[in-house]
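Engineer: sequence first, predicted model second:
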Amino acid sequence: MQRRLLGRTGLEVSELGFGGAEIGFQAASLSTVERLLGSALDAGLNVLDTAECYAGGEELIGQAVAHRREHFHLFTKCGHASGFDEPDWDLKMLEKSIDRSLKRLQTDRVDLLQLHSCDESLLRQGDVIALLEKARDAGKARFIGYSGDGPAARYAVECGAFDTLQTSLSVADQEPITLTLPQALERGMGVIAKRPIANAAWTKTQMPEDEYAYPYWERFQALDYDFLKTPLAASVALRFTLAQSGVATAIVGTQNPDRWARNAALLDAGPLPPAEIAAIRARWQEAAGPDWVGQR
C-alpha cells in the first residue's frame, strides 16, 4: 500500500487508515479485531484512528495490536466525557480522559492526539488547545490535531496550533475543498479524510436509520452521479477523496476482517482522471444545498 506524508509531521502514512468507531459501537469480538487488524497491518496499513467515545474501540485496539506498536501510527481523539462525571470539554476531565486512552491503548504515547469536534467558541478560548499542548509537551502525544468541520475547522487551521486536520471529505461532503484544505496545505498541516466514501449511503435502497448515513443518502438522491450506477462506484468515490490536495490518508472503518482487502483493492485502478474529478466537482456545485455541511 502506498504511503503519503502527513504534512509537516513527517509521518509516512498509508493511503487508507483504519477507523475504530465501528468495532467499538458494534462490540466486535477481540478475535475478530485481532484478525482484522493483523491482516491489515500485514498488508501495509499503518494508521489506526480511534476516540475515547467509541465505546470499547480503544480497548479492543490495545488488546489486539499493542504488541505490534512499532508497526503503526496511533491516533485518538478526546473531548467527550464518556463515563466521567465532569461535562464534555472540562479541563480536568480531559486530562483524565487522555491518560485513560493511553491505558486502554496500552501505550505511553500516541502519535496524534486530536480535539474531537470542539466548537469554535471553545477553540477561541484557548484552554482546550493549551491542554493538548501540555499533553504533547509531557510526551503523551507526538503531535496534536483537530477533528471536525465547518467554521470550527477553519479556525483550527487558521489559529496555527495544530499539526493536522481531520475532516469529513467525500463526493457527498465537498465543503472542505474550498473552506479548509487550501489553507491547511499552505500551513503545512497534514489532512486526514474521515467518512471518505460517505458511509456508502448510495447502496441503500431506502433512507437509512443511521444518523450519519441518512444525510448522505439524501444528498446522493439529489446528486445522482452517473458513476454510482457502475460497479466501480466505491472505487471512484474513494479515489476522488484521495485526489484532493493535501489529503494524506482516508479513514475507513469496518468490523469485517474480509472487507479490509476489498477496501484496499478499491485503489488498484490508480489515480482518478482529472476529467472525472472535474465532473464530480461540477455536479456538486450544481446540486449542493446551503446546508450541505460537513458531518460530525
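Structural biologist: Yep, that arrived. Numbering: from 1, shown residues only.
Engineer: and the residue most central in space within the chain, what pLDDT?
Structural biologist: Most central in the chain under C-alpha atoms, centre = their mean is Lys194, positioned 3.3 Å from the mean C-alpha point. According to the prediction, Lys194 has pLDDT 96.
Engineer: now swap in Pro208 and tell me
Structural biologist: pLDDT for Pro208: 73.
Engineer: mind listing the helices for the stretch 51-200 of the chain?
Structural biologist: With DSSP state H, counting those that start in this stretch as the criterion, the stretch 51-200 of the chain has helices at 57-65, 91-105, 120-125, 127-137, 150-158, 176-179, 181-186.
Engineer: re the thing from before, so what's the residue nearest to the centre of the chain bridging to?
Structural biologist: Ser168, Ile251 (DSSP bridges).
Engineer: from the helices of the stretch 51-200 of the chain, which stretch is densest packed?
Structural biologist: With neighbours taken as mean count of other C-beta atoms under 10 Å, the helices of the stretch 51-200 of the chain reach their highest mean count in helix 57-65, at a mean of 23. For glycine as for every other residue, the C-beta is placed from the backbone atoms N, C-alpha and C.
Engineer: what's the angle from it to helix 91-105?
Structural biologist: Angle, helix 57-65 to helix 91-105, by axes from the mean of the first three to the mean of the last three C-alpha atoms, to 10 degrees: 30 degrees.
Engineer: quick one: contacts of helix 57-65?
Structural biologist: Outside helix 57-65, the residues within contact range by C-beta atoms under 8 Å, 6 or more residues apart in numbering are 20-21, 23-25, 28, 30, 33-34, 37-38, 41, 48, 50-52, 71-72, 74, 76, 101, 104-107.
Engineer: now list the buried members of those residues.
Structural biologist: Taking 16 or more other C-beta atoms under 10 Å as the criterion, what is buried in the contacts of helix 57-65 is 20-21, 23-24, 28, 33, 37, 41, 48, 50-52, 72, 74, 76, 101, 104-107.
Engineer: can you pull the buried residues of the helix or strand of the chain with the lowest mean pLDDT?
Structural biologist: Scoring the helices and strands of the chain by mean pLDDT, DSSP states H and E places helix 259-265 at the bottom, with a mean of 89. Using 16+ other C-beta under 10 Å as the burial criterion, the residues of helix 259-265 that qualify are Trp260, Asn263, Ala264.
Engineer: since that was my last question, I'll sign off now.
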